[in-house]
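# Fold the following and give me the result.
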Amino acid sequence: MKTLINLFSNNIRQYGMIIALVFITALFFILTDGILFKPLNLTNLILQNGFILVLAIGMVLVIITGNIDLSVGSVVAFVGAIAGVLMINNNVPVVLAIVLSILVGALIGVWQGFWIAYIGIPSFIVTLAGMLIFRGLTLYLLDGQSLAPFPESFRILSGGFLPDVFGADGLHILTLILAGVFSLVLIYMEYRSRKKQAAYSFDVLPLWISVTKMVLLLFVINWFAYQLALNKGIPMVLGIVFVLILIYTFIMNNTVMGRHIYATGGNKKAADLSGIKTKRVVFWVFVNNGVIAALAGLMFASRLDSATPAAGNMLELDAIAAVFIGGASMAGGVGTVIGAIIGGLVMGVMNNGMSLIGIGIDWQQAIKGMVLLLAVGFDVYNKNKSGN
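Residues are numbered from 1 along each chain as shown. Okay, the predicted model is just below:
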């Protein structure tokens, strides 16, 4: 019992948001008479929030370093405009246009990272300027009008689904197989983690708790996969988000770069003294975020099937809110990719659920703002309580 209490107290933000996600999901399931969990609505939930989850993955690295990026919404619009000009106006092949658009995002990251890391201008100011600059460039490129439609092969990026090679009618078999394989991987990872903890004499959760946790997790994963299989299977958007989660979770947990990012945000002076090139870390984090924002911009343009001047409006606030709701700290040095995804899901379920029960956009914004305030307030309360 003591081990269980210590585990919960040491990860109170992470477990608290998981509990909050379960509670919010259950609440809207009841209020919508089960519509929230209908296969079609679950698919729409993924398609509507995929690019926000992608932005949250890049944003959490920025916030862990103790910085912030207010420009990503404008970068989403600008990259969408670049893609539209290339594909629609100039008939550039889709693959080449995607590569060039991602390169534009990287260059934006280089530009902003240089001013922040090497010149020393606060990230709030640099990215606020970027928000204005790239929104203005978007209006210039599009001349205030929308470009449409994109080629069919580009629309697959946000509207396509993994093909079912088994060709079953009414049920996407490949989705179920992938869910089963993922379940086996999770079981192996849990077994390996317990074995490693025992080998180093760390506290190990009682077996019954680990088994219960895995049973609940696997039930949710396979039930969710079954619901998707009843519709069209796994959307391409979900596949992109899943791959990014794997890559960035591995980077943050198992690489030198990940440890340097946490060290830079936790105590920059101490990191400098220990030999970490903190300026380089911050620079590359912003380059990475430019690439991530460009990818989200392509996904957003693909979903709209148009490049529009208003694209990405307020997306930076959704991404930032997702990261803070998911457990990141304003002071830096704290946060996880999984936490950002959980925060994004909380926001997505709230948006979808409130729309289904007819709550207006005005009250939706107010409620999301209150949730963000409570999440950050909870973080400050815990810090003051622990004396940090």
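
# buried ones in the helix or strand hosting residue 243?
Take DSSP states H and E as the rule and residue 243 turns out to sit in helix 236-254. Within helix 236-254, the residues that qualify as buried are 236, 237, 238, 240, 241, 244, 245, 248, 249, 251, 252, counting by 16 or more other C-beta atoms under 10 Å. Bear in mind the C-beta positions are built from the backbone N, C-alpha and C, glycine included.

# Neighbours of the closest residue to the first one other than its chain neighbours, how many?
The reference is to residue 236. In space, not counting the residues next to it along the chain, residue 236 is nearest to residue 160; the distance is 4.4 Å by C-beta to C-beta, 6 or more residues apart in numbering. Residues contacting residue 160 under the criterion other C-beta atoms under 10 Å number 16.

# Could you do residue 282 as well?
23.

# Against residue 258, how distant is it?
As judged by C-beta to C-beta, to the nearest Å, residue 282 and residue 258 stand 14 Å apart.

# Look up how far residue 132 lies from the one residue sitting closest to the centre of the chain.
The residue lying closest to the centre of the chain (C-alpha atoms, centre = their mean) is residue 53, at 2.7 Å. To residue 132, residue 53 is 26 Å away according to C-beta to C-beta.

# what does residue 223 give?
45 Å.

# what does residue 63 give?
Taking C-beta to C-beta, one finds residue 63 at 21 Å from residue 132.

# From what I see, residue 166 and residue 178 are in contact.
No. Judged on C-beta atoms under 8 Å, residue 166 makes no contact with residue 178 at a distance of 11.7 Å.

# and the two? which has more neighbours close in?
Neighbour count, other C-beta under 10 Å: between residue 166 and residue 178, residue 178 has more, with 18 against 11.

# Please, which helix or strand holds the more buried one?
helix 173-199.

# So which elements touch that helix?
Applying 3 or more C-beta pairs under 8 Å, 6 or more residues apart in numbering; DSSP states H and E, one finds that helix 173-199 makes contact with helix 207-230.

# Contacts for the helix it packs on next, please.
4, 37-39, 42-43, 170-173, 175-176, 178-180, 182-183, 186-187, 190, 194, 205, 234-235 (C-beta atoms under 8 Å, 6 or more residues apart in numbering).

# Now with 7 Å, please.
For helix 207-230, contacts defined as C-beta atoms under 7 Å, 6 or more residues apart in numbering pick out 4, 37, 39, 42-43, 171-172, 175-176, 179, 182-183, 186-187, 190, 194, 234.

# Likewise for stretch 346-358?
Residues outside stretch 346-358 that contact it (C-beta under 7 Å, 6+ apart) are 17, 20-21, 24-25, 28, 31-32, 35-36, 45, 48-49, 52, 318, 321-322, 325, 364, 367-368.

# Okay, buried residues for that stretch please.
In stretch 346-358, counting by 16+ other C-beta under 10 Å, buried: 346, 347, 348, 349, 350, 351, 352, 353, 354.

# What mean pLDDT does that stretch get?
Average pLDDT, stretch 346-358: 89.

# Kindly check the end-to-end length of stretch 144-164 for me.
41 Å (C-alpha to C-alpha, to the nearest Å).

# tell me how far that stretch is from the chain's mean position?
21 Å (C-alpha atoms, centre = their mean, to the nearest Å).

# what residues are up against the residue nearest to the centre of the chain?
241, 341, 344.

# Tell me the one among the residues you listed nearest to residue 294.
Residue 294 has its nearest neighbour among the contacts of residue 53 in residue 241, at 15.6 Å by C-beta to C-beta.

# What score does that closest one have for pLDDT?
Note on residue 241: pLDDT of 93.

# and what of the one 3 residues further on?
According to the prediction, residue 244 has pLDDT 94.

# Can you tell me which of the contacts of helix 207-230 are buried?
Using 16+ other C-beta under 10 Å, the buried members of the contacts of helix 207-230 are 42, 43, 172, 175, 176, 179, 183, 190, 234.

# Redo these as CSV? Include pLDDT and distance to residue 141.
As requested, these are arranged in CSV below (pLDDT from 0 to 100; distance: C-beta to C-beta, whole Å):
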residue, pLDDT, distance to residue 141
42, 89, 36
43, 89, 32
172, 88, 39
175, 90, 39
176, 90, 44
179, 92, 42
183, 92, 46
190, 84, 49
234, 89, 34
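
# Poorly predicted segments of the stretch 1-150 of the chain, please.
Scanning the stretch 1-150 of the chain for pLDDT under 70 picks out the ranges 1-15.
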